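**Q** Got a predicted structure here, sequence first:
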Amino acid sequence: MALRSLALPQADVRLDEQFLLPAEATALLRELTATIHWRHEPITLFGKPVLQPRLTAWHGDAGASYRYSGLQLQPAPWTPALQALRQRVEAASGAHFNSVLLNLYRHGQDSMGWHADDEPELGPAPVIASVSLGATRRFRLRPRPGSGPVHAPVGLELGSGSLLLMQGPTQRYWQHAVPKTAQAVGPRLNLTFRNVVGSG
Ligand SMILES: O=C(O)CCC(=O)C(=O)O
Ligand SMILES: [Fe+2]
């Protein structure tokens, strides 16, 4: 299919709802859920360690170390499945990625709070390519409080096999989140491909 641009000020967000065939997405979800070494990492919230409301893993080129939510992450090597997906995502986006962060939302109470992927390691205008597998969850975008454009928050339903591209000024002027839902939803696996600058 094709990437479709969202009409948002000071952002470049594109979505292909059918990047992967449904059967491909289901097979990949099954394989990654079973083979990735999932971690349940603590983060520091108001000075106290709490467990993140999701499971995570980080894979990439050797040396692509990266700080995320107060964690210093060392990448595990690319697996054949992740390597193959990286090549397809690079072909679709025209960008290069040296690492991928995986998030496993086990149920509706797993979530990701408001943030921007604006760590210095990602450079001033990072390209983030996000592939979703499994349950559909709402992905929200809002202008960054204080410095973002005047615009209402936006909600996208990210279904299995979708590809979401955020690039250009998006991380500078917008934030995004995956809120909890009271609905009974199965697991959702999200992969965000990133390029860590200045790493080996
Ligand atoms: O799960 C998602 O769709 C978003 C993940 C995300 O924002 C991140 O990994 O930084
Ligand atoms: Fe993010």
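**A** That came in fine, so what should we check first? Numbering: from 1, shown residues only. Ligands and ions are numbered 1, 2, ... in the order given.
**Q** quick one, what contacts the residue of the chain found nearest ligand 1?
**A** Closest residue of the chain to ligand 1, Cβ to the nearest ligand atom: Asn190 (3.3 Å). From N, CA and C alone the C-beta is placed, and that goes for glycine too. Applying Cβ atoms under 8 Å, 6 or more residues apart in numbering to Asn190 gives the contacts 102-103, 105, 130-133, 158, 178.
**Q** tell me which parts of this protein are close to ligand 1?
**A** With Cβ under 6 Å from any ligand atom as the criterion, the chain meets ligand 1 at residues 101, 103, 112, 117, 130, 139, 158, 176, 178, 190, 192.
**Q** Isn't the last one up against Pro126?
**A** No - Thr192 lies out of contact with Pro126 (Cβ atoms under 8 Å); the separation is 10.2 Å.
**Q** that older thread, what remains of the contacts of Asn190 if I keep only buried residues?
**A** Among these, those classed as buried by 16 or more other Cβ atoms under 10 Å are 102-103, 105, 130-133, 158, 178.
**Q** So which of these belong to helices?
**A** Residues of the buried ones among the contacts of Asn190 located in helices (DSSP state H): none.
**Q** Kindly reformat these as JSON lines and extend each row with distance to Val196 and pLDDT.
**A** Shown next, in JSON lines, are these (distance: Cβ to Cβ, whole Å; pLDDT from 0 to 100):
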{"residue": "Leu102", "distance to Val196": "15", "pLDDT": "97"}
{"residue": "Asn103", "distance to Val196": "17", "pLDDT": "98"}
{"residue": "Tyr105", "distance to Val196": "24", "pLDDT": "98"}
{"residue": "Ser130", "distance to Val196": "16", "pLDDT": "98"}
{"residue": "Val131", "distance to Val196": "18", "pLDDT": "98"}
{"residue": "Ser132", "distance to Val196": "22", "pLDDT": "98"}
{"residue": "Leu133", "distance to Val196": "23", "pLDDT": "98"}
{"residue": "Leu158", "distance to Val196": "24", "pLDDT": "98"}
{"residue": "Val178", "distance to Val196": "22", "pLDDT": "98"}
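**Q** Out of those, name the ones that lie in strands.
**A** In strands, defined here by DSSP state E, the members of those are 102-103, 105, 130-133, 158, 178.
**Q** what residues are up against Trp78?
**A** The contact partners of Trp78, taken as Cβ under 8 Å, 6+ apart, are 59-61, 86.
**Q** hmm, try it at 10 Å
**A** By Cβ atoms under 10 Å, 6 or more residues apart in numbering, the residues touching Trp78 are 59-62, 84-86, 98-100.
**Q** packing partners for the helix or strand hosting Gln171?
**A** Per DSSP states H and E, Gln171 falls inside helix 170-173. Helix 170-173 sits against no helix or strand, with contacts defined as 3 or more Cβ pairs under 10 Å, 6 or more residues apart in numbering; DSSP states H and E.
**Q** ok but Ala92 is inside a strand, no?
**A** No - assessed by DSSP: H, G, I helix; E, B strand; the rest coil, Ala92 does not belong to a strand; its assignment is helix.
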